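*Asks:* Please find the sequence and the predicted model below.
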Amino acid sequence: MLWLLASYLCGSVPFGLIIVRASSGKDVRSVGSGNIGATNVARAAGKKAAIATLLLDAVKGLVPVLLAARFAASPDWLAAGCAVAAVLGHCFPVWLRFAGGKGVATGLGVSLALAPWAALAGAAAWLLLYKALRVSSIGSLCGVAVALMVAAFTAPRTSLLGLAVVAAIILARHTSNIRRLLQQKEP
């Protein structure tokens with residue numbers, strides 16, 4: 001339980017909020033979508049702040065999962081459980097009254113730890129679709145789907161299960177984006 005709690009707390013560090021406040025003095029939650037993730041950070045403070053947010057959000061998912069996987073006496077499910085806890089921390093941070101991001105960058109970090117080939121495939125899918133369409137939510141959702149499909153062939157069963165739960169969380173956090181995409185109103 002301590003590993004899961006530590007992973008949640010690690011995931012709950014609101015790097016987007018911290019970076020935007022430090023670089024521009026703004027509260028990222030009052031800009032654009034109000035989200036603390038890299039896409040909204042780009043709107044609030046620019047590309048460099050968004051890249052820093054993306055990297056730090058990925059690292060806060062990667063580190064607890066890698067540590068749990070390396071822990072000698074850990075059960076098979078611990079790394080996958082820590083992955084889910086870190087993404088939940090990002091999406092529902094206690095420090096921000098449980099109003100966080102959508103979990104994509106943190107999901108990238110946990111998938112790098114659990115299924116590196118799947119993470120790389122998902123990141124490539126996001127990049128290609130974002131470059132082609134300039135709609136981050138389409139790239140994010142397709143990247144998650146691609147990562148999950150690749151993980152089905154390359155990852156251990158417990159890792160796949162953890163990534164499936166992470167994918168479900170990310171999908172649920174994108175409900176409003178999906179609705180706008182279906183209405184052709186997604187910016």
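*Replies:* Arrived safely, thanks for sending.
*Asks:* Listing request: residues of this structure with sub-threshold pLDDT.
*Replies:* Of all residues in the chain, those with pLDDT under 70 make up the ranges 72.
*Asks:* ranges for the helices of it?
*Replies:* Taking DSSP state H, the helices of the chain run over residues 2-11, 15-24, 38-45, 47-70, 78-91, 104-114, 116-133, 136-154, 157-173, 175-182.
*Asks:* buried sites along the fourth one?
*Replies:* Buried positions in helix 47-70, judged by neighbour count with 16 or more other CB atoms under 10 Å: 49-50, 52-54, 56-69. To be clear about C-beta, it is placed using only N, CA and C from the backbone, and glycine gets the same treatment.
*Asks:* tell me the angle that helix makes with helix 104-114.
*Replies:* Angle, helix 47-70 to helix 104-114, by axes from the mean of the first three to the mean of the last three CA atoms, to 10 degrees: 30 degrees.
*Asks:* Who are the packing partners of helix 47-70?
*Replies:* Under the contact criterion of 3 or more CB pairs under 8 Å, 6 or more residues apart in numbering; DSSP states H and E, helix 47-70 touches helix 2-11, helix 15-24, helix 38-45, helix 78-91, helix 104-114.
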